[in-house]
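> What would the 3D arrangement of this be:
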Amino acid sequence: MADELQHPKRRSARIVLRVPLFINSSDSNGETEWEPVETVMVSLHGGMLRARQNFQVGDTLDLRVRDKDRSARARVVWTSSEMTSNGAIELGFEILDQEGFWEINFPPDRWSQRTERDPVKK
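Predicted structure coming up:
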């Protein structure tokens, strides 16, 4: 139980995948430009990317896949405390309204595949 508190289970597996996106704050009302970014990794429910804009945990983002007619809203759930070497901040986001946004089949997560014979590490 203590291990579960320290390392909560993820809702889905993460995979390293670069997806070219445009992002902007949902609250910008056209005041800020769309920033071109790429994901670092994605999961069924969200992803991680590097952005130059100063997004905060709780901010709602508009995501658009570059060169495709796909968009979604997302919420920032995590930001890094330090900038990368190119002046960007890493942030994690949760997709709010578009199931299947990535249009890929994710591998099954390792937690749902456990059987009673599998050892549970404590």
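
> how about the strands in this protein?
14-16, 20-25, 35-43, 46-51, 60-65, 71-83, 89-95 (DSSP state E).

> Present the ones you listed as CSV; the columns should include mean pLDDT, distance to Pro107 and mean neighbour count.
The way it works is simple: take the backbone N, C-alpha and C, and place the C-beta from them, glycine included. Supplementary listing: the strands of the chain in CSV, determined by pLDDT from 0 to 100; distance: least, CB to CB, whole Å; neighbours: other CB atoms under 10 Å:
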stretch, mean pLDDT, distance to Pro107, mean neighbour count
strand 14-16, 88, 7, 14
strand 20-25, 96, 22, 18
strand 35-43, 96, 11, 18
strand 46-51, 96, 15, 22
strand 60-65, 96, 21, 19
strand 71-83, 94, 21, 15
strand 89-95, 96, 18, 20
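
> okay, the ones you listed in a markdown table with distance to Phe101 next?
Converted to a markdown table, those look like this (distance: least, CB to CB, whole Å):
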| stretch | distance to Phe101 |
| --- | --- |
| strand 14-16 | 14 |
| strand 20-25 | 10 |
| strand 35-43 | 9 |
| strand 46-51 | 9 |
| strand 60-65 | 8 |
| strand 71-83 | 5 |
| strand 89-95 | 5 |
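
> neighbours around Arg52, how many?
14 (other CB atoms under 10 Å).
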